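In: Generate coordinates for the sequence data below:
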Amino acid sequence: MPADLIRLSKFLSFVLRHKPDAIELTLDPQGWASIDELIERGNAAGTQFDHDELLQVVETNDKKRFSISADGRRIRAAQGHSVTVELGLSPQEPPPVLYHGTATRFVESILSAGLKPQARQQVHLSANEATAHSVGQRHGKPVILKIEALRMHAQGSKFYLTDNDVWLTDQVPPEFLAPSSSTTDSATTSTQPKLSR
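Out: Okay, here's the model as predicted:
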């Protein structure tokens, strides 16, 4: 993606996930914003873009971070909000195992206290290890954690699947997670229990 579109993508993530009030933008309860209002307020705040550039970011973003409404008039972030929104997703049965990418410095506390959403509304999980590894790399030396999602679900935890195939849940208690066998940090994997079969 060209540098100007990367900058626009970061701007959209900022205002649609975290700080709509930074440009006096209003999100509805499901996180949707008027595209026309977003363009108008973004331009007024100094980020110059038009409708075609906005659609180009949405269509070319490899992580599919943004969704356009069926009528083409509204946009929202697919997930990752720190502002309160209700995405309107229906609970779904997850696959047996999901993954979470993090950095080595966080592993000990996660294995002790579980996965919590921190600044976001929910914990983000991946259906494959490659995506989790990519996420973990953003924070340092990556570690992939394996989550017994279906067992969690059977015990009452709810899971949701976003438009861009990210799984969401409120939290992951420590008894449902362990380092993946593909994690290369032998010191971590050798001292932690494997998931039950």
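In: now Leu55, nearest residue through space, not along the chain?
Out: Ile68 (7.6 Å; Cβ to Cβ, 6 or more residues apart in numbering). For every residue, glycine as well, the C-beta is placed using N, CA and C.
In: Kindly report the domain assignment for the chain.
Out: Domains of the chain are assigned by automatic domain parsing as 3-77, 98-191.
In: Dump those into a markdown table; add distance to Val85 and mean neighbour count as well.
Out: Listed next are the domains of the chain as a markdown table, based on distance: least, Cβ to Cβ, whole Å; neighbours: other Cβ atoms under 10 Å:
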| stretch | distance to Val85 | mean neighbour count |
| --- | --- | --- |
| domain 3-77 | 4 | 16 |
| domain 98-191 | 7 | 17 |
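In: Pipe those domains into a markdown table and attach mean pLDDT and distance to Pro91 per row.
Out: Conversion of the domains of the chain to a markdown table gives the following (pLDDT from 0 to 100; distance: least, Cβ to Cβ, whole Å):
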| stretch | mean pLDDT | distance to Pro91 |
| --- | --- | --- |
| domain 3-77 | 94 | 16 |
| domain 98-191 | 87 | 4 |
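In: Let's see the distance spanning stretch 14-31 from one end to the other.
Out: 13 Å (Cα to Cα, to the nearest Å).
In: Same question for stretch 73-88.
Out: End-to-end for stretch 73-88, by Cα to Cα: 18 Å.
In: Then stretch 160-173?
Out: 17 Å.
In: quick one on the thing from earlier: any chance of CSV for the domains of the chain, columns distance to Leu87?
Out: Shown next, in CSV, are the domains of the chain (distance: least, Cβ to Cβ, whole Å):
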stretch, distance to Leu87
domain 3-77, 6
domain 98-191, 7
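In: which stretch among these comes nearest Thr84?
Out: Nearest of the domains of the chain to Thr84, taken as Cβ to Cβ: domain 98-191 at 7.0 Å.
In: rewinding a little: now do the same contact list for the residue nearest to Leu55.
Out: 35, 55, 58, 74-75 (Cβ atoms under 8 Å, 6 or more residues apart in numbering).
In: how does it look with 10 Å?
Out: 32, 35, 54-55, 58-59, 74-76, 163 (Cβ atoms under 10 Å, 6 or more residues apart in numbering).
In: Going by distance to His18, which of those wins?
Out: Arg76 (12.9 Å).
In: The closest one: what secondary structure?
Out: strand (DSSP: H, G, I helix; E, B strand; the rest coil).
In: was I right about Val143 contacting Gly101?
Out: Yes. Counting by Cβ atoms under 10 Å, Val143 does reach Gly101; the two are 7.4 Å apart.
In: Quick check: neighbours shared by these two?
Out: With Cβ under 10 Å, 6+ apart as the test, Val143 and Gly101 both reach 132-133, 136, 180.
In: does Val85 sit in a helix, a strand or a coil?
Out: coil.
In: related to what we said a few turns ago, greatest separation within the shared contacts of Val143 and Gly101: which pair is it?
Out: Counting by Cβ to Cβ, the most remote pair of those is Gly136 and Ser180, 10.4 Å apart.
In: hey, what's in contact with both of those two?
Out: In contact with both Gly136 and Ser180: 99-101, 129, 143-145, using Cβ under 10 Å, 6+ apart.
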